[in-house]
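Asker: Here is my input; please provide its structure:
(chains A, B and C)
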Amino acid sequence: MFKYVIKRLLIAIPMLLGIALLTFILMRLTPGNYFDALKLDPQISKETIAHYEKLYQLDKPMFVQFMYWVKNLLHFELGHSFHYNIPVSKIIGGRLFNTFVLSFASFFLTWCVAIPLGILAAVHRNKMIDQIIQFLSYICLSLPSFFLAMILLFWTSQSGALPLGGMYSPNFEDLNFLEKVVDILKHLAIPTIALSIGSIAALQRIMRGNMLEVLGQKYILTARSKGLSEKKVVYHHALKNAINPLITLLGYEFSSLLSGAALIEIICSWPGLGSLMLTAVRSKDIYLVMASMLMGGFLFILGNLLADIALAKVDPRIRYD
Amino acid sequence: MNALLSIKDLTVVVHEDGRERRLVDGVSFDIPNNSISAFVGGSGSGKTTTGLSILKLLPLGLTVSKGQILFDGDNLLNISESKMRARRGKDISMIFQEPLNAFNPVFTIGYQIEEVLRMHTKLSKNARKARILDLLKMVELSDPSRVMNNYPHQLSGGMRQRAMIAQAIAASPKLIIADEPTSNLDVTLQAKIMDLFRKLKNELNLSILLITHDLALVSHLSDYVAVMTNGQVVESGTTKQITTTPQNEYTKQLMKAL
Amino acid sequence: MIKQKKYLNEFDIALRGFRKNRVAMLCVYTLLFLYFTAIFADFLSPYSYKNEDRNYSYSPATPVHFVDEGKLTWPYINGLELTYNEYHARIYQTDRSVKHSLKFLVKGDEYKLLGFIPTDVHFFGIEGEGRLYLLGADSRGRDLFSRLLYGGRVSLSIGLIGVLISFSIGLIIGGAAGFYGGKIDNLLMRLCEMVMMVPGFYLLLALRAAVPDDFNSVQVYFSIIVILSFIGWAGLARIIRGMCLSLRERDYVLAARTLGVSDFTIIVKHILPHTLSYSIFAIMLSIPGYILGEAALSLLALGIQDPFASWGNMLSDAMSIVRIKFAPWILWPAFFIFLTVICFNVIGNALRDALDPMLKSEGQN
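Answerer: Numbers count the residues shown, from 1 in each chain, chains lettered A, B, ... in the order given. The predicted structure follows:
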């Protein structure tokens, strides 16, 4: 198992470098750089700009710049952000954490709601409650998450129940620990719900499908013939088999979570990686963009790897040797 | 009547396209004590459905419209579900074809057999473990402690079938229903399983109901036979009677194939 | 030849099963209607998309009346006037004394029907002073209803064209990978994974940043399509590759190879037609992604720019909560995005269910 993990991580490295190179080329494709806007400002002398360009190697050919960047990467230095004027690593860490908090909250909510719903729908197949759940699922699947975010923000502006965006209240520092947690949870509510509705609907359908397939298997009949209660049959024998395939989905869910979170972050002013990416792209802050893309790719690989390991632990038929 | 289980005029229907179709049509049969009986017929003859009806494990959409199944003072078709659950696995148990799918792939063999013991006996944890080892030995599995900790996919087909039998006899039932128990096995294994059935019937004083299309199995193993086609029993009697002097046309055709 | 006919029949059976699904057929008609209104947007809308009147900024809808003093009349609207109430807030007052009749085949803004017939006839509208706002107006007094129709052109077409490009790329790459297998398959799939690895939205933003700033709207439109296609091809390629891998083991493919038919011909004539019918549901289910992608970009002012309309950029107004409160009609584009997406989802799922027995039996080979 350990060797397998190492192998996976090693394969990931050239892939990540590929992403970084791709990003780099993209950023350099467009003529001009961050300093173009500054060049138009008559108050800043040409020498100052030339000095900064030299400092950040922007005057060297593309390939050399990239090599410098890779070299710095090995020292865990991700370059310098022009827009924020601090090293990238300083700003990306915090934002990454915030995005992670949002993604994890969404993931948690999705699984807590979708799995029981899927089981319920499967057990009461084609009855009224199943049809209602399927109908609602279709709607929630098709609802654009940003639309839902807007509506929720609108509703909360009328009712005042939840904060209107951001991650902290203005008086955050003055709160005690428990109040701080509650405050963040309140700010988390709208973006999490907007982000999760679609995934809940999708996961519920998959869970229902898996459960139906499992419930049709011979070993369920065997379990019943042993005299086990229906509860045990469904929630123990069936569930364990139905959930396993979902674990492989975990990895892909991670990537799509990061992606969907970005737009919601922007709408709800949640200070995460997505909104950082937007600012960076808008101001052509090259290294920030590259670092964000790299983070995205890395989180995806990590998510997939964790999902594969989790699956191996849970399903006795799978062995990585 | 000293029959262990008595099926009287059983009719099972399914509703299709607005019409009612009879899968089992007025079937009557008595399973005597300490015997091996068999339902023989082609696919669609209703033999499996009859077997499932005994345990009230019919799939969705199938209902019993008529009949009685008398066992141990009860009409099984009338008793409550919880009473039936108490009997399943304890008084009557079932073995299935395709043992790879018949065992839950994510639990060990030992765990699945233990479930029966936990449900129907009052044995302590250690006593249960000991009993599982005994059961596995009884079905002639070598290295029972390894099998106990194995997952179904780690065993061969023949071993799985034996483990399935062990699970079926765990709570000392009076009747075992075996649905196509040897159809997935090769000929040598079939013979061994047949011997095992006979041994268990004698040692444990139970009855076995075979559901099969395999005439060779029937003629070598069972004491009594019911020949089924189109949901009806066309002829029944002792195996000797049926195989040597068949009365019914269909039975005669079947016997020609032997 | 005989094999091909048999395959067509199975597809027809699946299609028949699809037609029985009433909800799915309803969605098909809805989409056809939406696309029809998009093509004839300039004829069906009373105003051009850039026809603005700042006196009527965020004007509410002008309700069409069919009854005048208890009697049934030709539809008309009342005039609308911008005044201030006692709190100095802007409100619009209906002026019942002014009546504008709704006219059909009315002269209005000039445009080119179907892109080349110059005309100025609109399906309906009003003549003279006054503004007809069926759904309300946006910040510059532009008719929301008209802009919705024009916006549909962008949002709906991007979905179709984008998926066509992605599918073509996916077909080539997936087909090559699935058919040749081995090293080529490995390499191409690594490439796919790399593209799929980066969260889509991040890639979207990065690619958008690579588009030069001085592109005009048409070029931006096509760049967006290219960008969206670039993100979408990988998923389709993997599906097609999977199908090709199983299809190339089929008997008739083997027969063709022994007969010495070239690889290219085999791929094009024998394998790809099969993948087409199976992939059609995957195509339907991925179109919403393109529509939502464009909407997201335009929402962030990175997509279609003013004055052109797309459902996405019409919603960028709605990012401000205050505006939603006072002019909730600006959310209409979101509803149409939702409607379109739900239709594609229903159709895609219905197609998959209809093709399922076929898929299952093919997969067993």
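Asker: and the residue of the stretch 251-365 of chain C found nearest chain A, what helix or strand is that in?
Answerer: Nearest residue of the stretch 251-365 of chain C to chain A (C-beta to the nearest C-beta) works out as residue C:342 at 3.6 Å. C-beta coordinates here come from the backbone N, C-alpha and C atoms, glycine included. Counting by DSSP states H and E, the secondary-structure element that holds residue C:342 is helix C:332-363.
Asker: which helices and strands does that helix pack with?
Answerer: helix A:128-142, helix A:145-159, helix C:2-20, helix C:22-39, helix C:144-180, helix C:217-247, helix C:272-299, helix C:311-315 (3 or more C-beta pairs under 8 Å, 6 or more residues apart in numbering or on different chains; DSSP states H and E).
Asker: and the residue lying closest to residue A:241 once chain neighbours are set aside, what is it in contact with?
Answerer: Setting aside the residues directly before and after it, residue A:241 is nearest to residue A:214 in space (C-beta to C-beta, 6 or more residues apart in numbering or on different chains), at 4.7 Å. By C-beta atoms under 8 Å, 6 or more residues apart in numbering or on different chains, the contact list for residue A:214 reads A:220, A:238, A:241, A:242.
Asker: Write out the residues of the stretch 251-365 of chain C neighbouring chain A.
Answerer: Within the stretch 251-365 of chain C, the positions near chain A by C-beta under 8 Å from any C-beta of the partner chain are C:288, C:292, C:295-296, C:299-300, C:302, C:315, C:318-319, C:321-322, C:324-325, C:331, C:334, C:337-338, C:341-342, C:345-346.
Asker: quick revisit: which of the contacts of residue A:214 are buried, as a ChimeraX select command?
Answerer: Here is the ChimeraX selection string for the buried members of those, based on 16 or more other C-beta atoms under 10 Å in any protein chain shown:
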select /A:220,238,241,242
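Asker: What residue in the stretch 151-300 of chain C comes nearest to chain A?
Answerer: Using C-beta to the nearest C-beta, the point where the stretch 151-300 of chain C gets nearest to chain A is residue C:199, with a distance of 3.7 Å.
Asker: Backbone dihedrals for that residue, both of them.
Answerer: Summarising the backbone geometry of residue C:199 under the convention degrees, to the nearest 10, its torsions are phi -50, psi 130.
Asker: Please apply the same query to residue B:227.
Answerer: Dihedral angles for residue B:227 - degrees, to the nearest 10 - are phi -90, psi 130.
Asker: coming back round to it: turn the contacts of residue A:214 into JSON lines, including distance to residue C:248, pLDDT and secondary structure.
Answerer: Listed next are the contacts of residue A:214 as JSON lines, based on distance: C-beta to C-beta, whole Å; pLDDT from 0 to 100; DSSP: H, G, I helix; E, B strand; the rest coil:
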{"residue": "A:220", "distance to residue C:248": "37", "pLDDT": "93", "secondary structure": "helix"}
{"residue": "A:238", "distance to residue C:248": "37", "pLDDT": "92", "secondary structure": "helix"}
{"residue": "A:241", "distance to residue C:248": "32", "pLDDT": "88", "secondary structure": "helix"}
{"residue": "A:242", "distance to residue C:248": "33", "pLDDT": "89", "secondary structure": "helix"}
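Asker: Closest to chain B out of the contacts of residue A:214?
Answerer: Each of the contacts of residue A:214 was checked against chain B using C-beta to the nearest C-beta; the closest is residue A:241, at 5.9 Å.
Asker: Residue C:339 is in contact with residue C:30, isn't it?
Answerer: Yes. The pair formed by residue C:339 and residue C:30 meets the contact definition of C-beta atoms under 8 Å, at 7.0 Å.
Asker: Residue B:161 - how many residues pack around it?
Answerer: The burial count assigned to residue B:161 is 28, neighbours taken as other C-beta atoms under 10 Å in any protein chain shown.
Asker: do the helix or strand hosting it and chain A meet at all?
Answerer: Assessed by DSSP H and E, residue B:161 sits inside helix B:157-169. Yes. With C-beta under 8 Å from any C-beta as the threshold, helix B:157-169 lies in contact with chain A, specifically through B:164, B:167.
Asker: quick revisit: angle of the helix or strand encompassing the residue nearest to residue A:241 against helix A:145-159?
Answerer: When elements are assigned from DSSP H and E, residue A:214 belongs to helix A:177-215. What separates the directions of helix A:177-215 and helix A:145-159 is an angle of 140 degrees, with axes from the mean of the first three to the mean of the last three C-alpha atoms, to 10 degrees.
Asker: what angle separates helix A:177-215 from helix C:332-363?
Answerer: The directions of helix A:177-215 and helix C:332-363 differ by 40 degrees, with the same axes, to 10 degrees as the criterion.
Asker: okay, the angle between helix A:177-215 and helix A:128-142?
Answerer: Between the axes of helix A:177-215 and helix A:128-142, defined by the same axes, to 10 degrees, the angle is 120 degrees.
Asker: buried set for helix A:177-215?
Answerer: Neighbour counts using 16+ other C-beta under 10 Å place A:183-184, A:187-205, A:207-208, A:210-212, A:214-215 of helix A:177-215 among the buried residues.
Asker: before we move on, what about stretch C:270-285?
Answerer: Along stretch C:270-285, these residues count as buried under the neighbour rule (16+ other C-beta under 10 Å): C:270-272, C:274-275, C:277-285.
Asker: can I get these in JSON lines with pLDDT?
Answerer: Below are the buried residues of stretch C:270-285 laid out as JSON lines (pLDDT from 0 to 100):
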{"residue": "C:270", "pLDDT": "71"}
{"residue": "C:271", "pLDDT": "72"}
{"residue": "C:272", "pLDDT": "71"}
{"residue": "C:274", "pLDDT": "73"}
{"residue": "C:275", "pLDDT": "74"}
{"residue": "C:277", "pLDDT": "70"}
{"residue": "C:278", "pLDDT": "70"}
{"residue": "C:279", "pLDDT": "77"}
{"residue": "C:280", "pLDDT": "81"}
{"residue": "C:281", "pLDDT": "79"}
{"residue": "C:282", "pLDDT": "81"}
{"residue": "C:283", "pLDDT": "85"}
{"residue": "C:284", "pLDDT": "86"}
{"residue": "C:285", "pLDDT": "85"}
